[in-house]
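In: Could you work out the structure for the sequence below:
(chains A and B)
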Amino acid sequence: MTTHHLAHAVPSRRRRGRGRMTAFSALGVAAALLLAACGGADGGGGDRGDVDAEFNEGESSVVNPSDRTGGTLRYAISSDFDSPDPGNTYYAFSWNFSRYYARTLLTYTGEPGEEGTELQPDLAEAMPEANEDFTEWTVRIKRGLRYEDGSEITARDIEYAVARSNFGAQALPNGPKYFQNLLADSEDYEGPYANEDDPLAGFGGIETPDDHTLVFHLNRSFAEFPYVLIQPQTAPVPPEADRGERYQSHVVSSGPYKFDGDYRPGVSLNLVRNDQWDPSTDPTREALPDRIEVELGVDQNEIDQRLVNGGLDVDLAGTGVGPAMKGTLITDENERNSVDNPQSSTLRYVNINTVLEPLDDLACRQAIMYAADRDALQRAWGGDIGGDIATQIMPGALPGADPSINPYSSEGHEGDLDTARQKLEECGEPDGFSTSIGARSDRPADVSTAEALQQSLKRVGIDVRIKQYPSDTYTNTQAGSPSFVHENDLGLTVYGWAPDWPSGYGFMSKILDGDAIREAGNANISELDDERINAWFDEVVTVEDPDERASIYTQIDQRAMEQAAILPVVFERTVLYRPPNLTNAYYHVGYSMYDYMALGATRD
Amino acid sequence: MTAPMDAPESSQHADPEAAARGSGAANRSLGQIAWQRFRRDRIGMAGGVVVLLLILVALLAPLLASWFGSPPNQFHQDLIEPLTGGVLRDPDDPAEGIDPWGGISTEHLLGLEPVNGRDLFSRIVYGARTSLLVATVATLVCVVIGTVLGIVAGYFGGWVDVAISRAMDIFLAFPLLLFAIALVGVVPDGAFGLTGNGLRIGVLVFIIGFFNWPYIGRIVRGQTLTLKEREFVEAAHSLGAGSAHIVFREILPNLLTPILVYSTLLIPTNILFEAALSFLGVGINPPMATWGGMLDNALRFYTTSPHFVIIPGLAIFVTVLAFNLFGDGLRDAFDPRSSD
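Out: Modelled structure (predicted):
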């Protein structure tokens, strides 16, 4: 869910700003944008020579490999961090970026392609060891690791970091709460801020028998626990330096860079080298640049222009260029080679509610699956560059993803209207029926998806009414609330999902497990409560072999498609601009953006 | 648009001076004088003609769309280049690239919308319906509330006036746009027995009408204050007329002209407001065409399909300008002293 929430909260905020301006004079803006368009057309030039790379090369290989150190790497973003504090962040870009100054127990392998989803030890000496039923996990950390001030990193600092981000009423609010949910013997623990003398008293979920060992006690079997240990919440925090949410202004570094001055929200964050970091202990950080600068709150159009003109190296958000620049880049033959267009792990889809009449009847849901014009739906996301037509639920990079799951195929992806009509007859609605589709009003592609689906379902007499909601509240109180869904007849809801970690469990458990249905912030919006799927989810967390788990995920995917609970639309592709002077650029599947730890710049 | 001629006629009967003089070629009524003046005001006339045309367009939208376009929600994706959403120069040969004119042709007079390929002419024409409907009904709400409360405040004075005047100040100080965004988000579907776009239009009309009435209210109150001191009102008083008679028979008819003028000037403000809300995505639900919504959509494509920004922008521009010129013309015609 990381990229989902976060990454996409970003453009919506951007749009708000634009909207406010235009409220005063819609015309003024139209005129101004036209001027900008004209300016952009000839202002983007510059003599840069040929680019020695191909279109989308960064999806599968490292572009511009180099071990040249030095220089400054310049980032900018249109919004801001939720927090640069590793214990208080859920934005995917922030998880990626915080590795500059916060090392975690485990981390992703720094490789392009599917290998990027594999884990390796970072602070840990080796991969964690589990007991027989996956309820107890032991991790040993490397010796001699130091913070920026030279003091040693201990297991207790990691225990403290987990405690502050997960437990008690004052737990840091932004991050996920997997530890709170999974750790045993911690129900009564009120968090480290409740007891100043002994912050960890009563925290039974993690044991630290010595300075270099952590034992995690879980309240249930969970074979995928190592994925939880890549979270920035496992980065050590020295208790004496912790100032709660204000710790973000100067995070004590355990990585190759440290804060240069304070983090200034909405303005900047600068990093310089941390001489206490020992490269020989670190498997994943290249640490090429001498200095890293982040500008916050820069308009997206400006970011895009500066990227193309060489005034900036990376758009920190990692969600791709804005729509205006996208149009320019993909129509410009010269710039195409500087564009990466990788498939992210985000699925764009439409929930089909399994409870509301007449969709409680499987055949009625299947009629929608057959009647949907996937070609039109893909167009709503910008054609082949916006995403690949999805015929299954799990994105391609996840183990167990099987593109051959395609129960509702049709010629040209335009829908199988005859079968759709048969299914309508089967469910007793031969003339079609009516329902509503919910969409986020400030997400143009969501709205286009709703319009395209409305048109294609009309062909078989299914009458769909579009209802728009603000994205701030959509996931929690509208689409995310089953009672709201029922009251407003939201048989269909446009949605998007990205995994917290790259596995079938990380991707599908919240959107398909019947036990995950909740009253607010519900992600299983179709309210699918299928016995077989629920049982598979219970089973899979006790299976040690990753391949065996992958085959269970394939079964879940297949079954959910047959149950017609989710109409997959596209596996999203982003349009990333890769400036020619950027070195070691490749798309990392785990973060769905460039691997920031690898990047360097050839410019001083 | 028969209003400007009707209203002054009724005021003719109500205006005791005019009535006393009787009708005659030399003694033209206020309405006739105003019409003569208005006819000489070319800019105002031009505005009036455009307004008239716009109303015709809105009323005849289905006919116009079927004669010159295609249904407003019909997709033409075979004419669209999927990657940029732009209109193909040649649908049979996608390699030709996209048409910088957005597919303007005899078949699609104003070209096509990006991505879906809906006919822009039809959507502009249908958009005129939405804009004018919301703006006109909202203005009517303003007028009704503003007139009633303005007369009450002006005529009765005292604490009633204080209370209503303060209420107007409060309403004018309200952050209307923010309130609208919040309200549209929370009103549940099915509220007041309305669903879907019926509800959306209702909410828009309510917000715009309910919060803009003080603009009318203040003018009506001010006019009432002067009118109630006039001789004919005092004469009615001394003849023993009651408040109801004075308000409805003596004062109200004399207010019709300012109300007409200012409501004409309020309509363009309300059109812009509706467009702004649709632009922000809190207005009408798609696929119903609105100019603000089109403009919002267009901003994603301004590099590849500039026509999609220009056309709805021009529609809003022309409409607002026409109503403003028309309103100014009316004001000058009825009250030449106010013009400079």
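
In: And the pLDDT at A:Pro11?
Out: Note for A:Pro11: predicted pLDDT of 33.

In: What of B:Ala167?
Out: At B:Ala167, pLDDT is 92.

In: Would you quantify the distance from it to chain A?
Out: 25 Å (CB to the nearest CB, to the nearest Å). Heads up, the C-betas are built off the backbone N, CA and C, glycines and all.

In: looking at this, that residue is in a strand?
Out: No. Secondary structure of B:Ala167 (DSSP: H, G, I helix; E, B strand; the rest coil): helix, not part of a strand.

In: Determine which residue of chain B is most distant from the centre point.
Out: B:Ala95 (45.0 Å; CA atoms, centre = their mean).

In: Would you enumerate the residues in contact with that residue?
Out: Listed by CB atoms under 8 Å, 6 or more residues apart in numbering or on different chains, B:Ala95 has no contact partners.

In: Using the three-state scheme, assign it.
Out: Going by three-state DSSP: B:Ala95 is helix.

In: do the same with the one 10 residues further on
Out: Under the three-state scheme (three-state DSSP), the conformation of B:Ser105 reads as coil.

In: contacting residues for it?
Out: Here B:Ser105 is in contact with B:Gly111 (CB under 8 Å, 6+ apart).

In: how does it look with 10 Å?
Out: Each residue near B:Ser105 by CB atoms under 10 Å, 6 or more residues apart in numbering or on different chains is listed here: B:79, B:87, B:99, B:111-112.

In: Which stretches in the stretch 301-450 of chain A count as strands?
Out: A:314-315, A:339-340, A:343-352, A:387-389, A:434-440 (DSSP state E, counting those that start in this stretch).

In: measure whichever residue of the stretch 51-200 of chain A sits closest to chain B to A:Gln305 for me?
Out: The stretch 51-200 of chain A approaches chain B most closely through A:Phe55 (12.5 Å), counting by CB to the nearest CB. Distance, A:Phe55 to A:Gln305, by CB to CB, to the nearest Å: 21 Å.

In: Looking at the two, which one has more neighbours?
Out: A:Gln305 (22 against 15; other CB atoms under 10 Å in any protein chain shown).

In: pLDDT score assigned to that one?
Out: 94.

In: again with B:Glu81
Out: Per-residue pLDDT puts B:Glu81 at 84.

In: unless I'm mixing things up, it is touching B:Asp93, no?
Out: No. B:Glu81 lies out of contact with B:Asp93 (CB atoms under 10 Å); the separation is 11.3 Å.

In: Give me the more crowded residue out of these two.
Out: The neighbour comparison of B:Glu81 against B:Asp93 (other CB under 10 Å) goes to B:Glu81, with 22 against 9.

In: Tell me who's in contact with the more buried one.
Out: A:331, A:379, A:383, B:87-89, B:91, B:94, B:96-99, B:114-115, B:304.

In: try 7 Å
Out: The contact partners of B:Glu81, taken as CB atoms under 7 Å, 6 or more residues apart in numbering or on different chains, are B:88, B:94, B:98.

In: my guess is the last one contacts B:Asp90, does it?
Out: No. With contacts counted by CB atoms under 7 Å, B:Ile98 stays clear of B:Asp90, the gap being 10.1 Å.

In: Have a look at those two and say which one is more surrounded.
Out: The neighbour comparison of B:Ile98 against B:Asp90 (other CB under 10 Å) goes to B:Ile98, with 22 against 11.

In: And the closest residue to the more buried one other than its chain neighbours, how far from B:His76?
Out: Once flanking residues are discounted, B:Ile98 sits nearest to B:Gly86: 3.4 Å by CB to CB, 6 or more residues apart in numbering or on different chains. B:Gly86 is 13 Å from B:His76, where distance means CB to CB.

In: neighbour count winner among the two?
Out: Using other CB under 10 Å as the criterion, B:Gly86 and B:His76 rank with B:Gly86 on top: 26 against 18.

In: Count the residues that sit near A:Glu333.
Out: 7.

In: separation between it and B:Leu60?
Out: Distance from A:Glu333 to B:Leu60, by CB to CB: 46 Å.

In: just A:Leu492 next, same as before
Out: 34 Å.

In: between those two, who's got more neighbours?
Out: Under the criterion of other CB under 10 Å, the comparison of A:Leu492 against B:Leu60 puts A:Leu492 first, with 32 against 13.

In: Generate a markdown table for the contacts of B:Glu81, with distance to A:Ile552 as supplementary columns.
Out: Shown next, in a markdown table, are the contacts of B:Glu81 (distance: CB to CB, whole Å):
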| residue | distance to A:Ile552 |
| --- | --- |
| B:Leu88 | 46 |
| B:Pro94 | 43 |
| B:Ile98 | 46 |
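
In: which one of these sits closest to chain A?
Out: B:Ile98 (7.6 Å).

In: where do the helices sit along the stretch 1-150 of chain A?
Out: A:2, A:8-24, A:26-43, A:92-97 (DSSP state H, counting those that start in this stretch).

In: Of the strands of the stretch 301-450 of chain A, give the one that comes closest to A:Thr281.
Out: strand A:314-315 (25.9 Å; CB to CB).

In: So in that sheet, which strands flank that closest one, and in what orientation?
Out: strand A:72-77 (parallel) (DSSP bridges).

In: residues contacting the residue of the stretch 251-400 of chain A found nearest chain B?
Out: Among all residues of the stretch 251-400 of chain A, A:Gly383 sits closest to chain B, at 3.0 Å; criterion: CB to the nearest CB. Contact analysis of A:Gly383 by CB under 7 Å, 6+ apart lists B:82-83.

In: try 10 Å this time
Out: Residues near A:Gly383 by CB under 10 Å, 6+ apart: A:330, A:375, A:570, A:573, B:80-85, B:115.

In: element containing the residue most central in space within chain B, please.
Out: Nearest to the geometric centre of chain B sits B:Ile267, at 2.7 Å (CA atoms, centre = their mean). Here B:Ile267, judged by DSSP states H and E, is contained in helix B:252-279.

In: Can you name every helix or strand that the helix or strand just after that helix contacts?
Out: Where DSSP H and E defines the elements, the next helix or strand beyond helix B:252-279 is helix B:291-298. The contact analysis (3 or more CB pairs under 10 Å, 6 or more residues apart in numbering or on different chains; DSSP states H and E) places helix B:291-298 against helix A:8-24, helix A:26-43, helix A:444-458, helix B:120-156, helix B:252-279, helix B:307-334.

In: right, so of these, which gets closest to A:Pro283?
Out: Of the helices and strands packed on helix B:291-298, the one closest to A:Pro283 (CB to CB) turns out to be helix A:8-24, at 30.1 Å.

In: what stretches of the stretch 501-604 of chain A score poorly on pLDDT?
Out: For the stretch 501-604 of chain A, the stretches with pLDDT under 70 are A:604.

In: Enumerate the residues of it near chain B.
Out: The stretch 501-604 of chain A has residues A:Val575 near chain B, with proximity defined as CB under 10 Å from any CB of the partner chain.

In: Report the contact partners of whichever residue of the stretch 501-604 of chain A sits closest to chain B.
Out: Nearest residue of the stretch 501-604 of chain A to chain B: A:Val575, at 10.0 Å (CB to the nearest CB). Applying CB under 10 Å, 6+ apart, we find A:Val575 in contact with A:56, A:319-323, A:325-327, A:329-330, A:339-342, A:382, A:385-386, B:83.

In: how much space between the residue of the stretch 51-200 of chain A closest to chain B and A:Lys326?
Out: The value you get for A:Phe55 to A:Lys326, if CB to CB is used, is 14 Å.

In: Need the overlap of contacts for the two.
Out: Joint contacts of A:Phe55 and A:Lys326 (CB under 10 Å, 6+ apart) are A:339, A:341.

In: A:Glu544 contacts A:Ala130, correct?
Out: Yes. Assessed by CB under 10 Å, A:Glu544 is found in contact with A:Ala130 at 7.9 Å.

In: Tell me which of the two has more neighbours.
Out: Per other CB under 10 Å, whichever of A:Glu544 and A:Ala130 has more neighbours is A:Ala130, with 19 against 10.

In: Give the burial count for the residue nearest to A:Tyr553 when sequence neighbours are not counted, as a bare number.
Out: Nearest non-adjacent residue to A:Tyr553, counting by CB to CB, 6+ apart: A:Gly504, 2.7 Å away. A:Gly504 has 28 neighbours, counted by other CB under 10 Å.
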